[in-house]
Every structure is written in C-alpha cells, then in structure tokens.
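Undergrad: need a structure here:
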Amino acid sequence: MDKTKHYLNEYLEELKALKLVDETNVDPKLGARKVENLTYDSRRVTEGTLFICKGARFKEEFLMSSIENGAFCYVSDRRYAAARGSAGYIIVKDIRRAIAVLANIYFNKVWEHLKTVGITGTKGKSTTAYFVKNILDKYAAASGKKPCGVLSSIQNYDGVIDEESHLTTPETLELHEHFEHMVDSGIENAVMEVSSQALKYDRTYGIIYDVGAFLNIGEDHISSIEHSDFEDYFTSKLRLFGQCRTLVVNRYSDEWNRIIAAAAASGAYTVVFGRDASCDVYGYDIKHGNEGLTFRCRTERFDEEYSIALPGDFNVDNALAAIAICEALDVPLPYIKAGLADARVSGRMELFRSKDGKVTVVVDYAHNKLSFETLFKAMKKEYPNHALSIVFGCPGGKAYGRRRELAEVAGTYADMIYLTEEDAAAESVAAICEEIAGNLKPFDAKFEIIEDRRQAVLRAIRDAKEEGTDALILVTGKGRETRMKRGTEYIDTPSDVDYVLEGL
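TA: Residues are numbered from 1 along each chain as shown. Below is the predicted model:
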C-alpha cells in the first residue's frame, strides 16, 4: 500500500483547485516541507504535523500547544493572532470539506484498495450491514481471507480496532485511519453505515463506494444542531448517490420518485429491490417460523428460497438489500444463502423468554419514528394476543422531534409504557421523560417514569409476570450498548440484554 508522505504544497494546490482557499501564509520553504502527520487532536501532534483547527469547543490554546509540539502549519476557517510568525496557515472557506480533501491526500486514497459498501437510510442500516458482513465473511473464509471490516452504529472493526461504536459514521480522519488499518491487516472488504450527518458535513467526501444502498426515508434527526427540516435530512442522504459506482435502492421507500430521479441523475448503475415483481431483486412468498422466517427471491441470476433468523417482515427488506449488494459484488449464491441463514445482529431483534414462556422480551435498537412503527406493527402481527409494553427514552441535546413522535407511536400501540434514561447527555433525564409523557396525554396511555434504566426494565418484567397472561415487552434504543452518555462523558453500564436476563 502507498505510504507516500506529501509536501505541504501538494495539499495547498488541491485545496486551491477546489476553490476552498481564502488566504494562505505558506512560503516556498514551508511549502517544500513534507507533512509527516495530520490531526485535529492536539494530543496527537508530533514533529512535522499539519494541524487542523475545528470543532465548537476548539480553543486557541490547542493550536499553540500543537505548534510547541511540532506543528509547522495549521488549516482553519479563521486566523489566530497568537500563532502569527510561529507557523504557516491555510485559511479555508469550508473546514469540513477541506478536512476530507486533506485526508484523501494524507492517506493516499487508501479506500481504493478495498471493496467498499456504504449504506444509508432511516432504519435498517445496521441489520443490512451485518447481513452483508456475514455473507462476505463466509465468502472470504472459503478462500482463507480475512473477515470483512465494518463501521456501524454498533461496532467498529478494522483488523486493528474492535470497539463499541458511538457514532454511526466515524469522523473524517478516523474513517480513513480505519480504512488504512483494514488494508494493512489484509482485509479486502469494508461495509459501513453512512449517516445523514456524515453526508451533510462531508465526512465521506471524496470516497467512491463500489456499492451504495438507500434503504428508506422517514423524518428523523430534525433539530437545530442536526437537520433544520425533513428536506435538509432527505437531500443530505441523497448525496450518497454521487459517491457510488452501483446504487441499490428500495422500490417502496417514501419519496420514491425523487429517489429514482436522483439515482438516474447520478449516472450510477442502479439496482431496485423490493416485494414487487417489477423489481430487479424481488422478494416474495414470506413464511414465518419459530426461528425466524423464509422467503423467496428472484434476480437475473436465480430464483431461490432464503432463511433469516430475525423475525419481522421488515427484515426481509433488509435481506433483499443485502442480496442486491452482494449480487453487485459478484458473490456466489451459496455464500449469500449461508450468510443470511445464520447472520446475527447484536442488539437487533433479540428475543428472550421467561421459563414458563408467558413473558417474551425483545431487545432492539429502534429509536426513531419509522423504526418504532415498523417494530410495533411487526410485533402486533406476530404476537396478536399478548399484552404489549415498552421501555424507552430519548437522547438529550438532539433529535427533539422524537419526544413527540415516539410518544405518538407508543401511545397508539402499547398497553403500558415505561419511560427511562437513554443517553440524556447534558439534559435532565426527568425533564426528557416528562416531555415525552406530555405527548402521551392525547392517547390516554398508561405510563410510568423510572429514571434508572435497570429498574425500568426490571419493573416491566415484574409487572408482566404478575399479570400472569401472555406478555410482550419491547426494550428499545440501546441494544447491547454498554455505555450511557451522561454530560459529555460515556459511562460504562450493563446492556439492556444484561438487565433483561436479570429480570427473567
């Protein structure tokens, strides 16, 4: 793999070519220096660093510390008087796009050495990503190759790092570093979730995915610090279309006409999947069983039966997306079938039952209106005679609309609601729960606020047991995550699965 270190002038010229430069202070001698390190973390500065000033919490002292430790030039969207004379600077019009440009140069477009899959959508990204990963893992193992790298809202695995994730899509430099780790480790395939925020703020700018998938769209992430409205959210997701060689799109997504028009405008080869005979990848004949479900899928190459271990018709759509992606990657049919059959997604639709079989608990990451509605409808269909309760909360400092939307869905479907903590950050857990509760009033819904998440899960299970009838409890939002955001820190906690097993 190319590990070439580039001269500062190479970075500057590329920024100029993209009309991103406002002002510079780079003399010929400085421009002829090689950039040995690129970072926006002052703690990671070494001799020969090109330092990037970014972030709402950035302080001038971070820059000065970086210069003291070896940064010879900085990139920023403003000049810092204190640094005058001690380092060169490149002032840019758009710092986020500039970071992506710099990263592509510094890491020598390392992503080009991988088969890359980027998946976006309001719901189903993680499940689809892990379906694809398991299929590609089967295929790789058959020829003695390394398992697929994955960057998701659940986990980051790159051959060097294997960690619980806290961002759907990593920040720009971390993203390219993950790709570099994959290539250095001998990994050939990478599948990742691409969030609307990552697309809007250019974290993935300049990367071309071998396959990109658009699963669906529903209103989410609307707030002053995310997307101003649905249009901003939707158009941000559509930006993925300009970064793909092949596009996979869901025929039954809302906004279909705009989606297919954007696909056509992108020039990418487009594959349509769905439960309609007109689709390129057509799913039909869904059958439910105790261990998941089966369905048939017809493509240009075959018409076969598949099985998946996850319940819910909506997971057929995720499986169809995975089949379409793997078809585009020329994965042989046996590996697609085997990969789907035993794929498991940590924290997604995990079922647990009491010893007497009367209480069933589903742990799932569902956290927005579209995923809530889909989950409730599927569970109502599969457990029609069960009393239905739910344990959930909403995050602090973002996606404020969820406090109304999730209340509306839960109020419509649930017999009992337990409101609790869910990454409240700097906000009060009680205040968030009270706001959700206020939105439950029109539904005359039964609810209880229990701020401690463990106690909320245990109470839901205890109440269901005491009722003595068939009961289904949904525990949503956190899955198998083992950290809770409180203030600006992530605090280690047991997972929802741990609480459920304790309660049962």
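Undergrad: so who does A471 touch?
TA: 358-360, 386-389, 464-465 (C-beta atoms under 8 Å, 6 or more residues apart in numbering). Backbone N, C-alpha and C define where each C-beta goes, glycine included.
Undergrad: Next one: E60 relative to S76, how far apart?
TA: 10 Å (C-beta to C-beta, to the nearest Å).
Undergrad: Please list all residues in contact with the closest residue to Y282 other than its chain neighbours.
TA: Leaving aside its sequence neighbours, Y282 sits nearest to R298 (C-beta to C-beta, 6 or more residues apart in numbering; 4.6 Å). Under the criterion of C-beta under 8 Å, 6+ apart, the neighbours of R298 are 281-282, 284.
Undergrad: Could you check how many residues crowd around D202?
TA: 18 (other C-beta atoms under 10 Å).
Undergrad: same question but for T169, I mixed them up
TA: Other residues lying near T169 total 25 when counted by other C-beta under 10 Å.
Undergrad: Could I get the contacting residues of it?
TA: Contacts of T169 (C-beta under 8 Å, 6+ apart): 151, 175, 192-195, 197-198, 203-204.
Undergrad: Could you list which of these belong to strands?
TA: Among the contacts of T169, the ones falling in strands (DSSP state E) are 151, 192-193.
Undergrad: quick one on the thing from earlier: show me which of E60 and S76 is the more surrounded one.
TA: Looking at E60 and S76 with other C-beta under 10 Å, you find the greater number of neighbours at S76, namely 20 against 12.
Undergrad: Apart from its chain neighbours, what residue comes closest to the more buried one?
TA: C53 (3.8 Å).
Undergrad: My understanding was that T168 contacts K125; is that so?
TA: Yes: using C-beta atoms under 8 Å, T168 is in contact with K125, at 7.3 Å.
Undergrad: intersection of neighbour lists for the two?
TA: 152-153, 193.
Undergrad: where does P170 fall, helix, sheet strand or coil?
TA: Look at P170: counting by DSSP: H, G, I helix; E, B strand; the rest coil, its state is coil.
Undergrad: Would you quantify the distance from it to A190?
TA: For P170, the distance to A190 - C-beta to C-beta - is 12 Å.
Undergrad: what about these two, which has more around it?
TA: Just comparing P170 and A190: by other C-beta under 10 Å the higher neighbour count belongs to A190, 26 against 21.
Undergrad: Kindly confirm my reading that the more buried one forms part of a strand.
TA: Yes: A190 sits within a strand when classified using three-state DSSP.
Undergrad: Who is it paired with across the strands?
TA: Residues in a beta bridge with A190, per DSSP bridges, are T116, G149.
Undergrad: show me the contacts for it.
TA: Contacts of A190 (C-beta under 8 Å, 6+ apart): 111, 114-117, 148-151, 179, 182.
Undergrad: Would you mind measuring from the residue positioned nearest the centre of the chain to E305?
TA: When C-alpha atoms, centre = their mean is applied to the chain, the residue found nearest the centroid is T168 (3.0 Å). Per C-beta to C-beta, T168 is found 33 Å from E305.
Undergrad: ditto for I161
TA: 38 Å.
Undergrad: which of the two has more neighbours?
TA: Between I161 and E305, counted using other C-beta under 10 Å, I161 has the larger neighbour count: 15 against 11.
Undergrad: Hmm, H178 and that one touching each other?
TA: Yes: under the criterion of C-beta under 8 Å, I161 makes contact with H178 at 7.0 Å.
Undergrad: Could you report the separation of P334 from T46?
TA: 48 Å.
Undergrad: other SSEs contacting the longest helix along the chain?
TA: Looking across the chain with DSSP state H, the single longest helix is helix 125-142. In terms of contacts (3 or more C-beta pairs under 8 Å, 6 or more residues apart in numbering; DSSP states H and E), helix 125-142 is packed against strand 115-120, strand 149-151, strand 189-193, helix 314-328, helix 333-341.
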